[in-house]
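A.B. asks: can you look at this prediction? I've put the sequence above it.
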Amino acid sequence: MNSAFRGGVDLSSLANKIVKEKIEQTSGVKVDTHDTVKVPALAVELHEAILRSVIQISSLVPVVVCFYETTNPESVSLTQKLEKLANAGQGRWLLGKVDMTSNSELTEAFGVTEAATVAMILKGEPKPLFQGDQVEGDLAEFLRKLVEVAASQGIAGQLEVSDETQEQAEPKLSEAEQSALDAMDKGDFSSAVKIYEAELQKTPNNDLLIERLAQVKLVERTYAGEIEKELQVTPSNIAEAMRKADYLLAIGDADSSFNLLLEWFDKATTEERSAISSLLLELFNVVGKNHPSSIAARKLLAVKMF
């Protein structure tokens, strides 16, 4: 495995109850490993209803499975990169995206506990790959080698997007958004922030751009930090509390992040309260203003402010 793929995790429980049951259901299915199969897209939202079909496809091409949470910027970034590579992969592999929030049973079945975890299914057998966001170039090289290894085992099929869904399957990124993603891939988050800020000036009420900008800012503030170390800090001042809140949200713990800031709001000065309020409003956008955690925290903030 490429050394760039850090933080390997033990996914030995990958093939537990639900996955085993689905594999058993398809045990009698024979798939020609050199055949071509039409699919609606090369990157699909994976859930139990289509798991059987996906397992069948894993006898034709490798199936890469990425677990993400919309509240976890690292997993969102990784999923976007994998989706881009899947659509450029000439049908040699399929990407299955698992929303951990709405597919808790499937996530548990794969033994996954952290967002931005990637596994694969090959010939119906689930296998661990890596955990954590990666540079797009390293991902591309890793996937190229993965396809080669699969081919050496006789898994050398071809997926073809049906004509009806070809247009829908292709990524529809604006030039600005593509530039922002390219900048993030190079670790240049400040440039990505400027791109989104410029786009937001053109369409000030664009909720999607507001969320993307907030997410990129959070990644910029936390990307270079040691997450485990940051999470162990017991804040002794407002600045430390705000920093820890960032890292709590970066791992997807919105409730703890918001509650920490609300607790410090009570003992803050007027100027500090303004800073906390501004950060909270920005973090609400990271998760989404309609997220239950955002709604609950916003109500508490309003009570404390007025």
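C.D. replies: Looks like it came in fine. No experiment lies behind these values; they were computed from the predicted model shown.
A.B. asks: spatially nearest residue to M184, not counting backbone neighbours?
C.D. replies: Distances taken as C-beta to C-beta, 6 or more residues apart in numbering place A192 nearest to M184, at 4.9 Å, with adjacent residues excluded. In this view, the C-beta of every residue, glycine as well, is placed from N, C-alpha and C.
A.B. asks: and what of M100?
C.D. replies: Distance criterion C-beta to C-beta, 6+ apart; nearest residue to M100, sequence neighbours excluded, is T107 at 4.7 Å.
A.B. asks: element containing that neighbour?
C.D. replies: According to DSSP states H and E, T107 maps onto helix 104-109.
A.B. asks: identify the residue nearest the geometric centre of this structure.
C.D. replies: With distances taken as C-alpha atoms, centre = their mean, the residue of the chain nearest its centroid is S75 (2.4 Å).
A.B. asks: contacts only, for that one.
C.D. replies: C66, F67, Y68, E69, A115, A116, D133, G252 (C-beta atoms under 8 Å, 6 or more residues apart in numbering).
A.B. asks: shouldn't L248 be in contact with L231?
C.D. replies: Yes: in terms of C-beta atoms under 8 Å, L248 counts as a neighbour of L231; the distance is 7.0 Å.
A.B. asks: which of these two has more neighbours?
C.D. replies: Taking neighbours as other C-beta atoms under 10 Å, L248 and L231 compare with L248 leading, 23 against 15.
A.B. asks: surely the more buried one is in a helix?
C.D. replies: Yes: assigned with DSSP: H, G, I helix; E, B strand; the rest coil, L248 falls within a helix.
A.B. asks: for it, give its distance to V193.
C.D. replies: L248 sits 21 Å away from V193 when distances are taken as C-beta to C-beta, to the nearest Å.
A.B. asks: repeat for S256
C.D. replies: From S256 over to V193 (counting by C-beta to C-beta), the distance is 25 Å.
A.B. asks: neighbour count: the two, which is higher?
C.D. replies: Higher neighbour count among S256 and V193: V193, with 19 against 16, using other C-beta under 10 Å.
A.B. asks: for the more buried one, which non-adjacent residue is spatially closest?
C.D. replies: V193 sits nearest to V216 (C-beta to C-beta, 6+ apart), 5.5 Å away.
A.B. asks: what sits against that neighbour?
C.D. replies: Contacts of V216 (C-beta under 8 Å, 6+ apart): P73, A180, M184, F189, A192, V193, Y196.
A.B. asks: and I121, by the same measure?
C.D. replies: Counting by C-beta under 8 Å, 6+ apart, I121 makes contact with V54, I55, S58, P62, V63, V65, G96, K127.
A.B. asks: now F258
C.D. replies: F258 neighbours (C-beta under 8 Å, 6+ apart): A245, L280, L283, S293, S294, A296, A297.
A.B. asks: I'd say the third one and E211 touch.
C.D. replies: No: applying C-beta under 8 Å as the test, L283 and E211 come out as separate, 11.1 Å apart.
A.B. asks: wait, A150 touches L122, no?
C.D. replies: Yes: A150 sits in contact with L122 when judged by C-beta under 8 Å, with a separation of 6.2 Å.
A.B. asks: what touches both of those two?
C.D. replies: Residues touching both A150 and L122 (C-beta under 8 Å, 6+ apart): P62.
A.B. asks: in terms of neighbours, single out the busier of those two.
C.D. replies: A150 (22 against 19).
A.B. asks: how about the more buried one, nearest residue that isn't a chain neighbour?
C.D. replies: Per C-beta to C-beta, 6+ apart, closest to A150 is P62, 4.6 Å.
A.B. asks: and for A245?
C.D. replies: Leaving out its chain neighbours, the residue that sits closest to A245 by C-beta to C-beta, 6+ apart is S257, at 4.5 Å.
A.B. asks: can you pull out the strands in the protein?
C.D. replies: Applying DSSP state E to the chain gives strands spanning 36-39, 43-45, 63-68, 94-99, 117-122, 125-131, 158-161.
A.B. asks: can you redo those strands as JSON lines with distance to D207 and mean pLDDT?
C.D. replies: Formatted as JSON lines, the strands of the chain follow (distance: least, C-beta to C-beta, whole Å; pLDDT from 0 to 100):
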{"stretch": "strand 36-39", "distance to D207": "31", "mean pLDDT": "81"}
{"stretch": "strand 43-45", "distance to D207": "21", "mean pLDDT": "92"}
{"stretch": "strand 63-68", "distance to D207": "20", "mean pLDDT": "96"}
{"stretch": "strand 94-99", "distance to D207": "19", "mean pLDDT": "95"}
{"stretch": "strand 117-122", "distance to D207": "28", "mean pLDDT": "93"}
{"stretch": "strand 125-131", "distance to D207": "30", "mean pLDDT": "90"}
{"stretch": "strand 158-161", "distance to D207": "30", "mean pLDDT": "88"}
